[in-house]
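# Sharing a model that was predicted from the sequence below.
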Amino acid sequence: MENKNKFWKGALVGALLTAFAGLIIVGMSLGIFLIGRTAIDGPQQAAESNQAENQDGSLDLNRITKKITTLQQIIDKYYLFDEDTTKVEDWIYKGMMYGLNDPYTTYYTAEEYQKLSEDTEGEYHGIGVMISQNRSTGIITVIKVFKDTPAAEAGMRPGDVLYKVGDMEVTGMDMDILVKDYIKGKDGSEVALTVFRQDEGEYVDLKMERRNVTVQTVEYQMLEDHVGYIAVSQFDVVTADQFKAAVDDLEKQGMKKLLVDLRNNPGGVLDAVVGMLDYILPD
């Protein structure tokens, strides 16, 4: 009798184990099936979603928001370092503008916009030069020295290659950082520069005192046959008024024709251009 009980207990345990193993196998098979379906259906659904997005040519903001939320959850869970949320947000907007593939469309951060405003005001504390950088070589060259500025008084010339500021070599340095942190400065402070003068083949040390500079973006003269000549080096906030003053003076000298020279002008403030055109074009 005792042996019978042991037999049936063993048989029952064996049956339960077999059933449990069967459930595991069925569950695994179902999981593999579902994963496979997801892998197959996922791209198809994404394609359908993109197709629907492209029909009316507008962005599916709900879908984008969900995707950004998913990415943020992954960052929160797995990213090792502290997240700079301000920088991440700025680059979302920058990426959106960059995706237009238009060199004249960009997004400025608050800091970049402030710098842009300072650069186009036409007044600053510095030395009074315009510089340009060769993207391939990193060489920084003076392309214009404004009249009656510290740079002009120190003897700096267009074509000088900027080699050092103080003891620091600047070839290859980011030009915005160079200008903001090393060339511009407090009114009355001194800055020492070393330039390479290509036509003479020698290095020249220059010292100058920073001061408030109002950039003379407009230069003019009367040519033969009463032809007025106006050169506009860039479009700053001060440019429109300087241009108007130049036109008025040339008209007093008997100007009959006007030549406006915009060579090497890097651009600038649109309102300045509108103001100039509004002054000379018929109503």
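Yes, it's here. Numbering: from 1, shown residues only.

# Would you mind writing the CA trace of the helix or strand hosting Met97 as CSV?
Met97 belongs to helix 85-98 when assigned by DSSP states H and E. Provided in CSV are the C-alpha atoms of helix 85-98 (Å, rounded to 0.1, in the frame of the first residue of the first chain):
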residue,chain,number,x,y,z
THR,A,85,19.2,70.6,-20.6
THR,A,86,19.6,74.2,-21.9
LYS,A,87,22.2,73.0,-24.5
VAL,A,88,20.0,70.0,-25.4
GLU,A,89,17.0,72.3,-26.0
ASP,A,90,19.0,74.8,-28.0
TRP,A,91,20.3,72.1,-30.3
ILE,A,92,16.7,70.8,-30.9
TYR,A,93,15.9,74.2,-32.4
LYS,A,94,19.3,74.4,-34.2
GLY,A,95,18.7,71.0,-35.7
MET,A,96,15.3,72.0,-36.9
MET,A,97,16.7,75.0,-38.8
TYR,A,98,19.7,73.1,-40.0
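
# What lies in contact with it?
Residues from elsewhere that reach helix 85-98 (CB atoms under 8 Å, 6 or more residues apart in numbering): Ile68, Thr105, Thr106, Tyr107, Thr109. Yep, even glycine has a C-beta here, placed from its N, CA and C like the rest.

# And it, how far out from the chain middle?
When distances are taken as CA atoms, centre = their mean, to the nearest Å, helix 85-98 is centred 11 Å away from the chain's centroid.

# What are the buried residues along it?
Residues of helix 85-98 classed as buried by neighbour count (16 or more other CB atoms under 10 Å): Asp90.

# downstream neighbour of that helix in the secondary structure list?
Moving toward the C-terminus from helix 85-98, the next helix or strand (DSSP H and E) is helix 110-120.

# Next, the angle helix 85-98 makes with that following helix.
With axes from the mean of the first three to the mean of the last three CA atoms, to 10 degrees as the basis, helix 110-120 and helix 85-98 are set at 60 degrees to each other.

# Tell me which stretches of this protein form helices.
Under the criterion DSSP state H, helices of the chain are mapped to 2-56, 61-78, 85-98, 110-120, 150-154, 175-178, 239-252, 270-280.

# Now do the strands in the stretch 151-283 of the chain.
For the stretch 151-283 of the chain, applying DSSP state E, counting those that start in this stretch gives strands covering 161-165, 168-169, 190-197, 202-209, 211-214, 218-223, 227-232, 257-261.

# can I get the ones you listed in a markdown table with mean pLDDT?
Formatted as a markdown table, the strands of the stretch 151-283 of the chain follow (pLDDT from 0 to 100):
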| stretch | mean pLDDT |
| --- | --- |
| strand 161-165 | 95 |
| strand 168-169 | 93 |
| strand 190-197 | 94 |
| strand 202-209 | 94 |
| strand 211-214 | 85 |
| strand 218-223 | 95 |
| strand 227-232 | 96 |
| strand 257-261 | 96 |
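
# Go through these and name the closest to Leu80.
Of all those, strand 168-169 sits nearest to Leu80, with 34.4 Å by CB to CB.

# in its sheet, what does that closest one sit against?
strand 161-165 (antiparallel) (DSSP bridges).

# ok, residues contacting the strand it pairs with?
Applying CB under 8 Å, 6+ apart, the external contacts of strand 161-165 come out as 131, 139-142, 169-171, 178, 182-183, 191-198, 203.
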